[in-house]
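[1] okay, sequence plus prediction incoming.
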Amino acid sequence: MLRLVVMIALSLATVAEAAAQPAGPAPAEAKAEAAPVTTYARFTSVKEEADGKLYVRLKLLPRAKIPFTVQAFRVRDRALLAGIAEGSWVRFTARHIDGENTLTSIQTAAECRRFQKCD
């Protein structure tokens, strides 16, 4: 019986020690942020919601034999959209901020054709 109590106490001490350790890597060991990836798309529309959030819909150019997809991205800085007309080809970068895909940069680009290198 005493053996069982000692084993349980040791198990609980091990669990408590593991719980005290930080879950993620230390700040010095954190991975460097990945470089932004430029994506090409067709600018389809702009929508402002009642709460004032601004979103753009972009028709992404597929990389394989899949249909085009349209995704919405939040725009925090309205100045990013200056001079970009609906239907224009654009290249952009985005990040996941506050649980939403958010544009970080966008600019007009030459038309990008499927299965061909864009630039």
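    Everything's here; your move. Numbers count the residues shown, from 1 in each chain.
[2] so how far is Leu58 from Ala94?
    9 Å (Cβ to Cβ, to the nearest Å). C-beta: built from backbone N, CA, C; applies to glycine.
[3] measure the residue nearest to Glu100 when sequence neighbours are not counted to Cys112 for me?
    Once flanking residues are discounted, Glu100 sits nearest to Arg74: 4.7 Å by Cβ to Cβ, 6 or more residues apart in numbering. To Cys112, Arg74 is 23 Å away according to Cβ to Cβ.
[4] repeat that for Val90.
    From Val90 to Cys112 the distance is 10 Å (Cβ to Cβ).
[5] need the overlap of contacts for these two.
    Tyr40 (Cβ atoms under 8 Å, 6 or more residues apart in numbering).
[6] between the two, tell me which one has more neighbours.
    Of the pair Val90 and Cys112, Val90 is the one with more neighbours under other Cβ atoms under 10 Å, namely 20 against 17.
[7] and the more buried one, what's its pLDDT?
    Note on Val90: pLDDT of 94.
[8] again with the one 5 residues further on
    The per-residue pLDDT reported for Arg95 equals 92.
[9] Three-state assignment for it, please.
    strand (DSSP: H, G, I helix; E, B strand; the rest coil).
[10] before we move on, what about Leu80?
    helix.
[11] nearest spatial neighbour of it, skipping sequence neighbours?
    Closest to Leu80 by Cβ to Cβ, 6+ apart is Ile106, at 5.3 Å.
[12] before we move on, which element is Gly52 in?
    Assigned by DSSP states H and E, Gly52 belongs to neither a helix nor a strand.
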